[in-house]
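Chemist: quick one: sequence and predicted model below, then my questions.
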Amino acid sequence: MNRRDFIVRATKASAAIAATGAVGYWLYDRTGPTGQSVIQNVSLPDFSLPQAGNRMAIVTGADRVKTVNRALQALGGIQQFIKPGDRVVLKVNAAFATPAALGATSHPELVAEVARLCLRVGAASVVVTDNPINDPQSCFSLTGITPAAVAAGARVAMPGEASFKPVTVAGAKLIRDWPLLYEPLRGATKLIGIAPVKDHNRSGASLTMKNWYGLLGGRRNVFHQDIHTIITELAMMVKPTLVILDGTMTMMTNGPTGGSLDDLKQTNTMIVSTDHVAADAFGVTLLGKSAADLPYIRRAAAAGAGTGNWESLKPARENVA
Amino acid sequence: MNIIMTRRVAQIFFLALFVWFCVVTTLGDRFMQLRGWPVNWFLQLDPLVALGTALTTHTIYAGLIWALVTIALTMLLGRFFCGWLCPFGTLHQFFGWLGQRTKKHAQRVAANQYRRGQAIKYYILVGMLVAAAFGAKSLQTGWLDPIPLMQRSVNMMLLPLTGLARFYSGAWVIGGVFVAAICLNFVVPRFYCRFLCPLGALFGVLARWTPWRIGKREGTCTNCELCENNCEGACEPFEKIRWSECLLCMNCLDACRQTQMVYGPNRSAAGEVDSPDVTRRGLLIAAVSGLVAVPAIRLSGMLGTNWSPRVVRPPGALPEQEFLERCIKCDQCIRVCPTNVIQPAGLEAGVEGVWTPVLNFRVGTSGCQLNCVACGNVCPTAALRPLTLDEKVGRGRYESAGPVRMGMAFVDQGRCLPWAMDKPCIVCEENCPVTPKAIYLREEFRVVRDGARAVKSVNGTTVELDGPAMKPGRLATSDYFLRVGEERRQIVENAENSVGVLTAFASAPLVGSGVEVEIRLQKPVVDVTRCTGCGICEHECPVSGLRAIRVSAENETRSKKHSLLAGV
């Protein structure tokens, strides 16, 4: 044995042992997993404009572009709501991969017109988004929303795994640490909901408040067990700048998927409102029902998300030929 | 540019083209999407696809006629496809080169010597073609045919690994075969091409009478064996060239310092072996194996009464026997499916059905989309018929035939929330895309657990009840009702021992009388005459493990024997 060689080897071995010990000490975990994870919640900003007041316009007519323009004018014009530099998100209903004519989704003409109006008054960007039920790619393209939105100068934000962040609504029973379609809303300054009027067996009607369902991710279908509560909580969570309820064609039966022109009825009504509860309370009449038939309208109003008494807003009522 | 460089350019071009076609097999009309790209072109050029389906069906389907071009060129020029065009061959050549590049001349020559085992591919070819042509008829060339093999490997493994957001059950097996085939190049260069490739074997036979071929000229050969230094086919150009093995790589032409090697109309001065080195006994064994294998596999009875209801085929699939006569496991349908619901089968469709398309409603982003007919329209062999939208959904002149059914949904009443647990749900009904819906509802009011109680007091809309304490607020979902006799009132709130109803009863319940707390349920029921088996209900069912509504292949349009209704 060579002394020098032995010392060198012993030193190296000691260093290796010390390094292993240090790594072990560094990683040492006495208690193990506690079964509780810390979730970093995001929160949804308030997009509403208190100074614009609580307002509503109901315009009848068959042409969506005309009716939505007239309704916005009745509320003082889009510039009352969208300011230069605003980053606008349009939450459409693109739930199903069906053509626009079948009325199961927000109409591309309407989406494009709203996007155009926002950009015209100086919006910095317009993003169209939804977390559809069917395959997102097929939904956005088959409904015609993607081509129409892109042609109008908007961007379509398709949900991906990274688009969702957990959210908790204060006082809520269901929306607790639940994934929210957050990425398209990050940095947004205005939010407009655009929804069609549709029959919905479980809740009674799918209108603007039900449309916020599309902001949820995860296995959100479990919330159907308690549909009126989830819609109420969505109405509490989202404070939109505006909602646009398109009752030009109303899906009377077989909703919310539809699939046939026979399911639709021409009701020629466009509703624009700052209050989604009021918009729904009026909108449900197009289905031949009343607000009293929808427990979620009563409950959302009770939770302070708006008023079920839409007439109290003294809505502007106009007609365009 | 010499001949070698020309060949390399061609190989790289066709490999890139192949990968490009795989990438663009995505539904859509953008440049990077399907639009009009001929994504099946390589499969159509592959004469083994055309020959196999011609043997089983006695027809050559649509674009498969391209194979005649390949056959004609092979009969004139030799195995140009292997050396110049085949993307799988290009990969083998590259990895073979990688394994050999540090080797010495003698070792390289040794690696490129002809081996008796190279006859195996001919036996594989014969076995597969006999299985396709006679008796039970099953097209199984897709296991080893290099174009379908590479098509499914790139689509099921390489693209998803490089970021395409798709899931394929058992993709690792498909990828494993591919990687194994590549790694064999480090044992012997072009191992797959030389020993296993049934398409190469077919080309070897087709090249029997080529007017042009590679061979030695008369003259002085220095016996340097440089011609075998990089010989891709191990066809022994130095001696009597084995023409059926030559891949037309042209390396020998370039390597020979004496310009002894030529590609031209003359036969080799050193002599030729024209035909594959197969034995009569070997061929007989291969043929008998092919003849017996399929009937042996079918002893399981999977084409008869032991058919698997888990095998839900995509829309337009032919009846199982005819489907197996055409499907080459290229998995183009699986690749093009916009929702990723079509999956390569494992063993659920039997050994013959491995890697054939089946629907798995838990994997994709949705079920089979009502307005989509992509799979049948991309299928190169019509194992999935190219349906029109009208035929698929049963409108226009298909009105009387009704929609194409892939199977049928069954509600598992032991798992379904409204049926088994008195919880409202109906997500399946909501998502059913058929008009009118194939899922309808039975409304029912059920007395909840401990719901039969006696009234202790009544104060307007508040009714105090006896019995065990209730969780405050639990009945406030708007789905609960208090029933007194025939009168029902919606419950809007509850404390431990009282409930508040929306409107007071016409006649207030008497103290001490019995009342019932009920829940309003809508129970889903499948309409057998409307369900198409698209599986969107199964995909959306909130019972996320074993779903409470599941599609199985009963009632599929393609098999009368599997129908559920009498007289349909």
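Modeler: That came in fine, so what should we check first?
Chemist: which neighbouring elements make contact with the helix or strand in which residue A:229 is found?
Modeler: For residue A:229, the host element (DSSP states H and E) is helix A:227-237. Packing partners of helix A:227-237 (3 or more C-beta pairs under 8 Å, 6 or more residues apart in numbering or on different chains; DSSP states H and E): helix A:208-211, helix A:295-302. Heads up, the C-betas are built off the backbone N, CA and C, glycines and all.
Chemist: helix or strand right after that helix?
Modeler: Following helix A:227-237 toward the C-terminus (DSSP H and E): strand A:242-251.
Chemist: that following strand near chain B at all?
Modeler: No. Taking C-beta under 8 Å from any C-beta of the partner chain as the criterion, strand A:242-251 and chain B are apart, separated by no less than 10.8 Å.
Chemist: and that strand, what does it pack against?
Modeler: The elements that strand A:242-251 packs onto, with contact taken as 3+ C-beta pairs under 8 Å, 6+ apart, are helix A:64-74, helix A:108-120, strand A:190-200, helix A:208-211, strand A:264-273, helix A:276-283.
Chemist: is chain B within reach of the second one?
Modeler: Going back to what we said before, that points to helix A:108-120. No. Helix A:108-120 stays clear of chain B (C-beta under 8 Å from any C-beta), getting no nearer than 15.9 Å.
Chemist: contact residues of chain B facing chain A?
Modeler: So chain B meets chain A at B:27-28, B:165, B:338-340, B:364-366, B:369-372, B:417, B:423-427, B:429-437, B:441, B:477-479, B:490, B:492, B:522, B:536, B:540-542, B:544 (C-beta under 8 Å from any C-beta).
Chemist: those, buried ones only, as a ChimeraX selection?
Modeler: Buried residues within these, by 16 or more other C-beta atoms under 10 Å in any protein chain shown, are selected in ChimeraX with:
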select /B:27,338,339,340,364,365,366,369,370,371,372,417,423,424,425,426,427,429,430,431,432,433,434,435,437,441,477,478,479,490,492,522,536,540,541,542
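Chemist: give me the subset of the residues of chain B next to chain A lying in helices.
Modeler: Taking DSSP state H, the ones among the residues of chain B next to chain A that sit in helices are B:417, B:427, B:429, B:430, B:431, B:536, B:540.
Chemist: which one of those residues is nearest to chain A?
Modeler: residue B:427 (4.5 Å; C-beta to the nearest C-beta).
Chemist: looking at chain A, which helix or strand does the model trust least?
Modeler: Lowest on mean pLDDT, DSSP states H and E among the helices and strands of chain A sits helix A:136-142, with a mean of 89.
Chemist: quick revisit: farthest-separated two in the ones in helices among the residues of chain B next to chain A?
Modeler: Using C-beta to C-beta, those span at most 17.6 Å, a distance reached by B:417 and B:536.
Chemist: quick one on the thing from earlier: distance between the helix holding residue A:229 and the chain's centre?
Modeler: Offset of helix A:227-237 from its chain centre (C-alpha atoms, centre = their mean, to the nearest Å): 12 Å.
Chemist: mean confidence score for it?
Modeler: Computed over helix A:227-237, the mean pLDDT rounds to 97.
Chemist: contacts made by that helix with the rest, please.
Modeler: Residues outside helix A:227-237 that contact it (C-beta atoms under 8 Å, 6 or more residues apart in numbering or on different chains): A:44, A:167, A:169-175, A:202-203, A:209-210, A:212-213, A:215-216, A:223-224, A:276-277, A:294-296, A:299-300, A:303-306, B:424, B:477-479.
Chemist: hmm, who's touching the biggest helix by length in chain B?
Modeler: Longest helix in chain B by number of residues (criterion: DSSP H): helix B:3-24. By C-beta under 8 Å, 6+ apart, the surrounding residues in contact with helix B:3-24 are B:1, B:32-35, B:37-39, B:41-42, B:83-87, B:89-91, B:93, B:150-151, B:154-155, B:159, B:249-251, B:253-254, B:335.
Chemist: for PyMOL, what selects the buried ones among the residues you listed?
Modeler: Buried members of the contacts of helix B:3-24, defined by 16+ other C-beta under 10 Å, are picked up in PyMOL with:
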select buried, chain B and resi 34+37+39+41+42+83+84+85+86+87+89+90+91+93+150+151+154+155+159+249+250+251+253+254+335
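Chemist: any buried residues in the longest strand along chain B, and which?
Modeler: For chain B, the longest strand by residue count, based on DSSP state E, is strand B:439-459. Of all the residues in strand B:439-459, those buried under the rule 16+ other C-beta under 10 Å are B:439, B:440, B:441, B:448, B:451, B:453, B:455, B:458.
Chemist: return the distance of stretch A:168-187 from the chain's centre.
Modeler: How far stretch A:168-187 lies from its chain's middle: 11 Å, per C-alpha atoms, centre = their mean.
Chemist: so what touches it?
Modeler: Residues from elsewhere that reach stretch A:168-187 (C-beta under 8 Å, 6+ apart): A:39, A:41-42, A:44, A:87, A:89, A:127, A:129-131, A:157, A:159-160, A:162-167, A:191, A:214-218, A:220, A:223, A:226, A:229-230, A:233-234, A:236-237, A:303.
Chemist: go ahead and confirm residue B:39 touches residue B:25.
Modeler: Yes. Shown here, residue B:39 and residue B:25 form a contact pair, counting by C-beta atoms under 8 Å, at 4.9 Å.
Chemist: CA-only coordinates of the least confident helix or strand of chain A in CSV, if you can.
Modeler: Only the C-alpha atoms of helix A:136-142 are listed here, as CSV (Å, rounded to 0.1, in the frame of the first residue of the first chain):
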residue,chain,number,x,y,z
PRO,A,136,-62.5,23.2,-29.4
GLN,A,137,-60.9,23.3,-32.8
SER,A,138,-64.0,21.8,-34.5
CYS,A,139,-66.3,24.0,-32.5
PHE,A,140,-64.7,27.3,-33.3
SER,A,141,-64.2,26.5,-37.0
LEU,A,142,-67.5,24.7,-37.7
